[in-house]
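Novice: just the structure for this:
(one chain, ligands or ions: 2)
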Amino acid sequence: MTSTARPLLNRRLAEFGTTIFAEMSALALSTGSINLGQGFPDTDGPEEVREAAVRALRDGRGNQYPPGPGIPELRTAIAAHQERRYGLSYDPDTEVLVTAGATEAIAAALLALVEPGDEVVALEPYYDSYAACIAMAGGTRVPVTLRPHEGSFRLDLDELRAAVTDRTRLLLINTPHNPTGTVLTREELTVIAELAVERDLLVVTDEVYEHLVFDEAEHVPLATFPGMRERTVTIGSAGKTFSFTGWKVGWISSAPGLVAAVRSAKQFLTYVASGPFQYAVAEALRLPDSYFADFRADMLAKRDLLAGGLERAGFKVFRPAGTYFITTDIRPLGESDGFTFCRALPERCGVVAIPNAVFYDHREQGAPFVRFAFCKRDDVLHEAAGRLRRLASAGS
Ligand code: PMP
Ligand code: GLN
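Specialist: Ligands and ions are numbered 1, 2, ... in the order given. This is a model prediction of the structure:
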């Protein structure tokens, strides 16, 4: 123990306590509630991918430090995936880097690319690690708020333009967007890309939910827009795409200079991770299109199952165009504070959810919104919907 009165946690991190996901998952466990908080599937990904991990482990592939940038098989598979899906061609040796989940990719990118004092413009609500990593890098976050508009949360492009100053170094974009489920349109992305080029900004784009887009929504990587490939770091994750969140295999694809910069930071974070899993994910990325189509169709059905349940329980539902989260407005239930609501929810009906306010600098703007994850078995979602119905009867 130190004898001074100085707090142990440094100033950069002082505002970040335990993540809301850990807090709410612990609450689910201690109350025996259905956990629709933290976003992880309750069914593992494809059996053949699991088997590929077992084989790698048994054959002694990846049990010792894999190469710093990731095993060549995986880097090649990532490049092939970007080419096949989006027509983006990357050199697996110089333009792809494997990371310990998207979380490390985000951290390494921000630590590598942001100087203390640089401004980072990020969409608000933002995924919680963005704020912490901008802070660790000594940057200043400048949130641009997505606001409810006709059933979804939309970006105000004029506000985005106005947020960029001479100190802005980087735009941190997330599409499909956690927690709102918004998928940025081609038109919106065009404006973001033009802004980045005009103001000579770097762009880090978190596209971990790239395969989870529904209805007419389409995922278009920012790197495909004119002038963007050379300034954009694109982030993907096997956790989301193949339902193995515990494996922590993520990646970036970008231009060689940016990949080298991010690698410099990454090598001092984990150096490497997930050896045998890298072999399995290399195989997963080569699954036929039917895997991705089935995954999406399955999640779409789950979205509609939970959205219906939430509507019947009295929530206003923002039906997401992407991700596996539904943001709701609790005001029709006579509630206004998501924190209070989420802390009481296990007791009231045995369900855990996430208060969106934690993803805001402007907490009051997020206060009435609550996020539910639908990446769960159908029977679990049915049970949750039934339990949530108690809110409707309690209110009437
Ligand atoms: N970005 C977003 C938007 C996420 O929702 C998550 C986690 N669900 C991550 C990054 C982290 O991904 P990983 O588990 O691969 O570190
Ligand atoms: N990304 C997941 C979510 O939004 C949580 C991951 C984590 O707990 N860090 O729920």
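
Novice: assign the closest residue to L157 other than its chain neighbours to helix, strand or coil.
Specialist: The shortest distance from L157 to any residue other than its chain neighbours is 4.9 Å, reached at V191 (CB to CB, 6 or more residues apart in numbering). Bear in mind the C-beta positions are built from the backbone N, C-alpha and C, glycine included. In three-state terms, and counting by DSSP: H, G, I helix; E, B strand; the rest coil, V191 is helix.

Novice: what segments of the stretch 1-150 of the chain are helices?
Specialist: Secondary structure of the stretch 1-150 of the chain by DSSP state H, counting those that start in this stretch: the helices cover 20-31, 47-58, 72-86, 101-113, 128-136.

Novice: pick the most buried one from these.
Specialist: Mean neighbour counts were compared across the helices of the stretch 1-150 of the chain using mean count of other CB atoms under 10 Å; the top stretch is helix 101-113, at a mean of 24.

Novice: so how far is that one off the chain centroid?
Specialist: Distance, stretch centre to chain centre, for helix 101-113: 13 Å (CA atoms, centre = their mean, to the nearest Å).

Novice: other residues contacting it?
Specialist: Here helix 101-113 makes contact (CB atoms under 8 Å, 6 or more residues apart in numbering) with 97, 99, 120, 127, 129-130, 133-134, 136-137, 139, 169-170, 172, 202, 204, 206, 208, 233, 235-237, 239-240, 248-252, 258, 261-266, 269-270, 273.

Novice: how much space separates whichever residue of the stretch 251-396 of the chain sits closest to ligand 1 from ligand 2?
Specialist: Ranked by CB to the nearest ligand atom, the top residue of the stretch 251-396 of the chain for proximity to ligand 1 is T323, at 7.4 Å. For T323, the distance to ligand 2 under the criterion CB to the nearest ligand atom, to the nearest Å works out to 9 Å.

Novice: check contacts around that residue.
Specialist: Going by CB under 8 Å, 6+ apart, T323 touches G39, P176, H177, N178, P179, G181, Y209, L212.

Novice: tally of neighbours for the fourth one?
Specialist: Close neighbours of N178, defined as other CB atoms under 10 Å, add up to 26.

Novice: try the last one
Specialist: Applying other CB under 10 Å, we find 26 residues neighbouring L212.

Novice: how about it, what does it touch?
Specialist: With CB under 8 Å, 6+ apart, L212 has these contacts: P176, K240, F295, R296, M299, G322, T323, Y324.

Novice: in space, what's closest to the third one - neighbours in sequence excluded?
Specialist: Counting by CB to CB, 6+ apart, F295 lies nearest to H211, which is 6.3 Å off, once chain neighbours are set aside.

Novice: for the closest residue to ligand 1 within the chain, which non-adjacent residue is closest in space?
Specialist: Taking CB to the nearest ligand atom as the measure, the point where the chain comes nearest ligand 1 is G101, at 2.5 Å. Once its chain neighbours are removed from consideration, G101 has its nearest residue in K248; the separation is 3.9 Å (CB to CB, 6+ apart).
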